[in-house]
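J.: Prediction below, plus the sequence it came from.
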Amino acid sequence: MTHGFDRKKDAGELTRQDALARISKLSRSCRIVCTFLVAMIAVGLLAVVVIEAFLVAPTLSQGARLQAVDPATGGEALVSLVGTSPESGLMLVARDGHTALGAVAMAAVWLLVALSARRLFAFIEKSGRPFELAAADELDRIGRLLVAGGCCANILGALATGALLAALGGNFTDAFGGQLIEVAMVVSGLVVSLLASVFRYGCVLQEQDDELI
């Protein structure tokens, strides 16, 4: 009986160490993926800034006007800001009603989420301990970013675009044709925040377990 008990104990200890090793290894893979996502989003945002600054801005400097497009005729833009070259106009409202500024704001939110996720996985990879307050705080930050982005990014983009449209003689309400709140993103943020609370509870159990050991 004693020999069987020792075998179970050894198996339990081995399982815990193996689980921590797998978590650390998986965190490393997730960190690499997050690093790739951060780079892709950052390059995409930089490309947009460069294109707008060097290709579009010069055509708008000599006078800009709004150009509305009938959705039935096709095309990606519903409302654009054009200058001397209509072909290189600045899209303000997409055909689906979403605004370009809202899309940029959403991309910025996802960049922050990816950066936080990278920090989270880097911490777990280095420490090998997922149930730490630092990990729970980073996870909670991700949840808050998702909720804030899902609730505010499109709305802020629509408000800014609507103000620009009104200033240029267009209709303020043209900027509010798309989906303003990303429900799936908000729900995901709430779920992540709940997981952060579970992680905090896990921190307490981890501390108690360490004291027993």
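T.: That came in fine, so what should we check first?
J.: Show me where the protein has its helices.
T.: For the chain, the helices identified by DSSP state H occupy 2-51, 57-60, 100-127, 133-167, 183-212, in order along the chain.
J.: now for the second one, which elements pack on it?
T.: In this case it means helix 57-60. The elements that helix 57-60 packs onto, with contact taken as 3 or more Cβ pairs under 8 Å, 6 or more residues apart in numbering; DSSP states H and E, are strand 77-82. For every residue, glycine as well, the C-beta is placed using N, CA and C.
J.: gap between the worst-scoring helix or strand of the chain on mean pLDDT and the chain center?
T.: Taking mean pLDDT, DSSP states H and E as the measure, the helices and strands of the chain show their lowest mean at helix 57-60, namely a mean of 74. Helix 57-60 sits 31 Å away from the centroid of its parent chain (Cα atoms, centre = their mean, to the nearest Å).
J.: surely residue 62 meets residue 83?
T.: Yes - Residue 62 is within contact range of residue 83, at 6.0 Å (criterion: Cβ atoms under 8 Å).
J.: out of these two, which sits in the more crowded spot?
T.: Neighbours were counted for residue 62 and for residue 83 using other Cβ atoms under 10 Å; residue 83 has more, 18 against 9.
J.: thought residue 129 was touching residue 19?
T.: No - applying Cβ under 8 Å as the test, residue 129 and residue 19 come out as separate, 11.6 Å apart.
J.: of the two, who's got more company?
T.: residue 129 (17 against 11).
J.: Pull up the gap between the closest residue to that one other than its chain neighbours and residue 81, please.
T.: Of all residues not flanking residue 129 in the chain, residue 206 sits nearest, at 7.0 Å (Cβ to Cβ, 6 or more residues apart in numbering). To residue 81, residue 206 is 55 Å away according to Cβ to Cβ, to the nearest Å.
J.: just residue 125 next, same as before
T.: Relative to residue 81, residue 125 is positioned 46 Å away (criterion: Cβ to Cβ).
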